[in-house]
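In: I'll drop the sequence and a predicted model, then ask my questions.
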Amino acid sequence: MSKASTTPLRGIAPLIGNALVMLLLATCAWLLAGLHEGDWWQAMPSASRGYAAAASVLAYAALVGAFLYRARARDKTAQPRAVATRDALWVVHASQTGFAMELADMTAASLHRAGVAVQRAGLEHLDAARLQGIERAMFVVSTTGEGDPPDPAMGFVRQVMSQTLALETLQYAVLALGDREYTQFCAFGHQLDDWLRHQGAKPMFDLVEVDNADDSALRHWQHHIGQFGDDTDLPDWSAPRYEAWRLRERVELNPGSLGGPAYHLVLAPEDGGLLVWTAGDIAEIGPQHAHEDVDRFLHRTGMDGNARVHWQGESRPLATVLARCHWPDPATAFTEAQALADACTPLPHREYSIASTPADGALHLLVRLMRRPDGTPGLGSGWLCTHARPGDAVALRIRRNPNFHPPAADTPMILIGNGTGLAGLRAHLKARAPAGATRNWLLFGERQRARDFFHAEELLAWQAQGLLEHLDLAFSRDGGEHRYVQHALLAQADRVRRWIDEGAALYVCGSLAGMAPDVDATLRRILGDERIEALRADGRYRRDVY
């Protein structure tokens, strides 16, 4: 897709500029030639050589013109212009070395594949009026030097970010590229994010930082963009390097609930290795198809699931490859197992907040079984909650999530979440218990207390022991005054202000659709926009939302 602000006049500007320069040079040469009588140099070339030189200049001019014309034509064909519809999602890049532009292209391609209307543009091509007309935008921006914007973005910084704009109708996301070896890590991404928030724009999800092209951070970005459009099973840009873990235990926590069933899962590394993570970190899961579905597919294709094939640098049974991949059309005839394996694309990863600490001796997850519109189980939750059997191997890797790591033990914590978002908050409470950090306040919301009060015995025991100074609950289907967690939060506005005055940190974990924006709006109502932004800047307002 071509840059959104490129007009026909701008497209021929390089040709016009070069032609004017050459015309000016020719005019100067003609005027200077008139000042001389006879030969102006003893070794002056002959007239024939002069004609040859003139022909060479003309040929060079034609070559330059042809090059510019072909470059312009190639730019047109390489990225065909998207239809600039009102509901298009804009993907905007600001790149110093080209990496941000490359990631913007990959983002746009993934969104397009998911059925989203996309418009591509360089940040330098957005002015204030155009930005105010955009409803959704994803910014992929790099930082250069000691926290500086990329060179192409300087005009936007000076001309647009110096203004106060009305951007209340803009929903946005920022992918910030940087290098942690520099003090001002991802500085321009944060600067852009802060400016957009101050103009009233609403983040679709929190800023994603990428340190030196870290593939796990990029997969986290893909996880978010995968929520847009019709196809949520888009392949990862790069395959994660998973480790083998074993599913030890799976327990349904809310049988009979009005919502989807939620499960407590316990996993341990197959090799018995050390458990290393920090509260707030994420488990990336490599989902698989049900064993029965793989067997049926093999039967339709007539292939032997035990046949060895080469896949991702290793020799594996064909059935193992099929379990982890999107399959080609079963009507396609394959005569060799390797050809079938080569036609497969890996299933995308899924992310879940870790609900335990290494001291628990295992990795705990809290997962709700999601269903597609046709009623079939979701890709990741279907594998973990229904298809995988206790004892089965689960492909898993731990991704550091420093933006949700805990504060100092002497910092009071206000933990807010709903549904399976309790997982990340549970890990924080478990981590703080050994340190004697008891200034903790949990606000949790779900549907029915009798069915959906996850880990109720544990939470109530913590409250009785003093680990939880306050526990506020909101169950939406039970009636009562506080139907949702944001309502319980608003009812305790005075306590919120008092805890924040005492240095408390706010941690929010749970649903991006509904809960997170409603909680954010409630916090801003209680504390004011200016104070919320100050808390964000100080690292005292952190979110893990999905």
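Out: Nice, I can see it.
In: Number of residues surrounding residue 398?
Out: Counted with other CB atoms under 10 Å, the neighbours of residue 398 add up to 18. Bear in mind the C-beta positions are built from the backbone N, C-alpha and C, glycine included.
In: try residue 196
Out: A count of neighbours around residue 196, defined by other CB under 10 Å, yields 22.
In: do the one 4 residues further on as well
Out: Neighbourhood size, residue 200 [other CB under 10 Å]: 14.
In: Share the number of residues neighbouring the nearest residue to it once chain neighbours are set aside, please.
Out: Nearest residue to residue 200, sequence neighbours excluded (CB to CB, 6 or more residues apart in numbering): residue 168, at 3.9 Å. Residues lying near residue 168 (other CB under 10 Å) number 10.
In: Over to residue 168: give its phi and psi.
Out: Main-chain dihedrals, residue 168, degrees, to the nearest 10: phi -60, psi -20.
In: hang on, isn't it packed against residue 197?
Out: No. Using CB atoms under 8 Å, residue 168 is not in contact with residue 197, being 11.3 Å away.
In: So what touches the longest strand anywhere in the chain?
Out: The longest strand of the chain (DSSP state E) is strand 243-252. Residues outside strand 243-252 that contact it (CB atoms under 8 Å, 6 or more residues apart in numbering) are 261-271, 273, 362-363, 384-385, 388-397.
In: Direction included, what does it pair against?
Out: The strands beside strand 243-252 in its sheet (DSSP bridges) come out as strand 262-269 (antiparallel), strand 393-399 (antiparallel).
In: what distance separates the helix or strand where residue 444 lies from the centre of its chain?
Out: Per DSSP states H and E: residue 444 is located in strand 440-446. Averaging C-alpha positions (CA atoms, centre = their mean, to the nearest Å) puts strand 440-446 27 Å from its chain's average.
In: Show me what it is packed up against.
Out: In terms of contacts (3 or more CB pairs under 8 Å, 6 or more residues apart in numbering; DSSP states H and E), strand 440-446 is packed against strand 413-418, helix 422-432, strand 470-475, helix 485-491.
In: Residue 283 contacts residue 366, correct?
Out: No. Between residue 283 and residue 366 there is no contact under CB under 8 Å: 11.0 Å.
In: Can you list the neighbours in contact with stretch 89-97?
Out: Residues contacting stretch 89-97 (CB under 8 Å, 6+ apart): 4, 100-104, 107-108, 111, 116-124, 126, 134, 136-142, 144, 149-153, 156, 188, 228.
In: Show the average pLDDT along the next helix or strand along the chain from the strand holding residue 444.
Out: Per DSSP H and E, the first helix or strand lying C-terminal to strand 440-446 is helix 449-452. The pLDDT scores in helix 449-452 average 95.
In: Give me the residues contacting helix 449-452.
Out: By CB under 8 Å, 6+ apart, helix 449-452 touches 253-259, 262, 419, 446, 473, 475, 478.
In: Repeat that for stretch 323-338.
Out: Contacts of stretch 323-338 (CB under 8 Å, 6+ apart): 233, 235, 286-289, 291, 294, 297, 300-301, 303-304, 307-310, 318, 340, 343-347, 395.
In: List buried residues within these.
Out: 233, 235, 286-289, 294, 297, 301, 303, 307, 309, 318, 340, 344, 346-347, 395 (16 or more other CB atoms under 10 Å).
In: quick one: which of the residues you listed sit in strands?
Out: 286, 309, 346, 395.
In: Now the residues you listed in JSON lines, please, with extra columns for distance to residue 507 and pLDDT.
Out: Formatted as JSON lines, these follow (distance: CB to CB, whole Å; pLDDT from 0 to 100):
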{"residue": "286", "distance to residue 507": "28", "pLDDT": "92"}
{"residue": "309", "distance to residue 507": "45", "pLDDT": "94"}
{"residue": "346", "distance to residue 507": "33", "pLDDT": "86"}
{"residue": "395", "distance to residue 507": "29", "pLDDT": "94"}
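In: Pick the one among those residues closest to residue 536.
Out: Closest approach between those and residue 536, by CB to CB: residue 286, at 33.0 Å.
In: Give the bridge partners for the closest one, please.
Out: Applying DSSP bridges, one finds that residue 286 bridges with residue 395.
In: Now for it: which residues touch it?
Out: Contacts of residue 286 by CB under 8 Å, 6+ apart are 240, 242, 324, 346-347, 349, 394-396.
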